[in-house]
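Trainee: I'll drop the sequence and a predicted model, then ask my questions.
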Amino acid sequence: MAIHTPVLLAEVMQFLSCGEQKCLSVDARLGEGGHAEAMLSLFPGMKVLGVEADGDILKVARERLKRFGKRIETFHSWSLEFFKEYGQRFTEFPDRIFIDLGISMFHYRQSGRGFSFREDEPLDMRIDREQPLTAGIIVNEYGREELEKLILEYGEERFAGRISRSIIRERSKGPIRSAKVLGEIIKKSVPANRRYGRINPATKTFQALRIVVNNELQNLREELGYSFQVLKIGGKMGVISFHSLEDRIVKHFFKEKNKSCTCPAEWPICQCGGLRELKILTGKAIFANAAEQEINPASRSARLRVVEKLR
């Protein structure tokens with residue numbers, strides 16, 4: 001099995017280091033365990049709580065990390081639910097929280113769930129297979145206007161109208177069941193001069209479908225709030241995002257918590273105490289350097305933001 005290469009690994013280790021000290025870290029998207037493995041190897045006093053919604057990939061991570069014994073504890077759960085229930089399950093709060101929003105290479109190459117437009121796989125795209133909604137349901141049952149809206153909103157796809165009309169036309173001949181077939185439909189629906197660029201024309205539509213199937217953006221908005229609540233004062237949180245929709249949410253959340261006063265503008269007197277809740281440690285987002293992008297093309301769109309909780 002090909003192992004997913006963790007992105008921005010050196011930068012994550014630098015900002016979320018706890019040195020030789022004892023500390024507790026939550027890896028909220030454990031994936032195949034690449035970042036967790038590095039943290040456990042470099043920081044001997046660290047214990048990691050690894051959270052993963054996909055049971056299949058969690059098995060891979062557990063096998064990879066079992067050599068660390070009791071220093072790693074794993075949970076099959078959506079991270080939003082994990083953070084919501086954190087105070088009821090644990091008495092010790094985390095010194096570090098790490099959230100990598102990327103989709104693992106496991107999902108694209110080995111899950112068999114249609115995440116990649118290059119594979120002849122069922123249109124599924126569920127991270128957790130117990131969810132009812134699939135990409136196939138969206139593609140074959142949603143109306144044209146609804147399809148166009150979600151492709152435009154969650155894929156930021158300028159040809160959303162053309163793509164949605166093509167999907168409606170093709171599915172009238174029979175259900176669209178294959179990710180590869182859908183990829184070809186999308187490719188043929190965009191202008192000819194847009195079909196063979198560096199980025200496959202199906203990329204944004206597949207992103208939109210995956211976001212909707214897994215309710216990614218709404219979950220992220222809530223997760224940031226709940227995770228920040230349980231982070232210790234003085235603790236650090238790092239988030240890696242991979243597209244502008246995610247990064248916008250993360251940036252806005254950190255920006256709001258970084259304000260010295262969060263009262264409504266129309267209030268004449270500050271009621272919140274006028275104290276910032278966090279300090280932004282990375283300034284602007286950190287991107288992978290040229291060497292990493294050359295070795296791991298998936299890192300090109302990755303951006304890291306890290307903050308320290310002040311109160």
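Mentor: Nice, I can see it. Here the structure is a predicted model, which is why all the values come from computation and not from measurement.
Trainee: now the residue located most distally from the centre of the chain: which helix or strand?
Mentor: Here the chain reaches farthest from its C-alpha mean at Pro268, the gap being 39.2 Å by Cα atoms, centre = their mean. Assigned by DSSP states H and E, Pro268 belongs to no helix or strand.
Trainee: need the pLDDT of it.
Mentor: pLDDT, the model's per-residue confidence, is 78 for Pro268.
Trainee: measure the residue positioned nearest the centre of the chain to Leu49 for me?
Mentor: Nearest residue to the geometric centre of the chain (Cα atoms, centre = their mean): Leu101, 1.8 Å. Distance, Leu101 to Leu49, by Cβ to Cβ, to the nearest Å: 18 Å. Heads up, the C-betas are built off the backbone N, CA and C, glycines and all.
Trainee: name the SS class of Phe75, please.
Mentor: Three-state call for Phe75 (DSSP: H, G, I helix; E, B strand; the rest coil): strand.
Trainee: so what's it up against?
Mentor: Phe75 sits next to 49-52, 82 when contact means Cβ atoms under 8 Å, 6 or more residues apart in numbering.
Trainee: those in strands, which ones?
Mentor: Judged by DSSP state E, the subset of these located in strands is 49-52.
Trainee: next, format those as TSV and append pLDDT.
Mentor: Listed next are those as TSV, based on pLDDT from 0 to 100:
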residue	pLDDT
Leu49	98
Gly50	98
Val51	98
Glu52	96
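Trainee: now do the helices in this structure.
Mentor: All helices of the chain, identified by DSSP state H, fall at 9-15, 34-42, 55-65, 79-84, 86-89, 105-109, 135-141, 144-155, 160-171, 179-189, 203-213, 216-230, 244-257, 290-295.
Trainee: list the buried residues of the fifth one.
Mentor: Applying a neighbour-count criterion of 16 or more other Cβ atoms under 10 Å, the buried positions in helix 86-89 are Tyr86.
Trainee: and it, how far out from the chain middle?
Mentor: The chain centre lies 23 Å from the centre of helix 86-89; the measure is Cα atoms, centre = their mean, to the nearest Å.
Trainee: what does the first one give?
Mentor: Its chain's C-alpha centre and that of helix 9-15 lie 18 Å apart, by Cα atoms, centre = their mean.
Trainee: for the record, mean pLDDT for that helix?
Mentor: Mean pLDDT, computed over helix 9-15, is 96.
Trainee: residues making contact with that helix?
Mentor: So helix 9-15 is contacted by 6, 34-35, 38-39, 42, 98, 236, 238, 240, 281-282, 286, 304, 306 (Cβ under 8 Å, 6+ apart).
Trainee: buried sites along that helix?
Mentor: Buried residues in helix 9-15 (16+ other Cβ under 10 Å): 9, 11-13, 15.
Trainee: widest-spaced pair of these?
Mentor: The most widely separated members of the buried residues of helix 9-15 are Leu9 and Phe15, with 11.4 Å between them, by Cβ to Cβ.
Trainee: between the contacts of helix 9-15, which sits nearest Gly112?
Mentor: Nearest to Gly112 out of the contacts of helix 9-15 is Gly34 (Cβ to Cβ; 21.4 Å).
Trainee: skip the chain neighbours and tell me the closest residue to that closest one.
Mentor: Pro6 (3.3 Å; Cβ to Cβ, 6 or more residues apart in numbering).
Trainee: swap in Glu153?
Mentor: In this structure, Glu153 finds its nearest non-sequential neighbour in Ala208, 7.4 Å apart by Cβ to Cβ, 6+ apart.
Trainee: what about that neighbour, neighbour count?
Mentor: 25 (other Cβ atoms under 10 Å).
Trainee: contacting residues for it?
Mentor: So Ala208 contacts 150-151, 153-155, 157 (Cβ under 8 Å, 6+ apart).
Trainee: mind checking pLDDT for it?
Mentor: 98.
Trainee: and if you look at Ile3?
Mentor: Reported pLDDT for Ile3: 58.
Trainee: cool, and Ile138?
Mentor: 98.
Trainee: same thing with the one 5 residues further on?
Mentor: The per-residue pLDDT reported for Gly143 equals 97.
Trainee: wouldn't Gly155 be in contact with Lys204 here?
Mentor: Yes - using Cβ atoms under 8 Å, Gly155 makes contact with Lys204 at a distance of 3.6 Å.
Trainee: Throw the helices of the chain into JSON lines and include distance to Arg311, thanks.
Mentor: Formatted as JSON lines, those follow (distance: least, Cβ to Cβ, whole Å):
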{"stretch": "helix 9-15", "distance to Arg311": "20"}
{"stretch": "helix 34-42", "distance to Arg311": "26"}
{"stretch": "helix 55-65", "distance to Arg311": "33"}
{"stretch": "helix 79-84", "distance to Arg311": "19"}
{"stretch": "helix 86-89", "distance to Arg311": "18"}
{"stretch": "helix 105-109", "distance to Arg311": "38"}
{"stretch": "helix 135-141", "distance to Arg311": "42"}
{"stretch": "helix 144-155", "distance to Arg311": "34"}
{"stretch": "helix 160-171", "distance to Arg311": "43"}
{"stretch": "helix 179-189", "distance to Arg311": "47"}
{"stretch": "helix 203-213", "distance to Arg311": "33"}
{"stretch": "helix 216-230", "distance to Arg311": "11"}
{"stretch": "helix 244-257", "distance to Arg311": "10"}
{"stretch": "helix 290-295", "distance to Arg311": "35"}
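Trainee: no further queries at this time; thank you.
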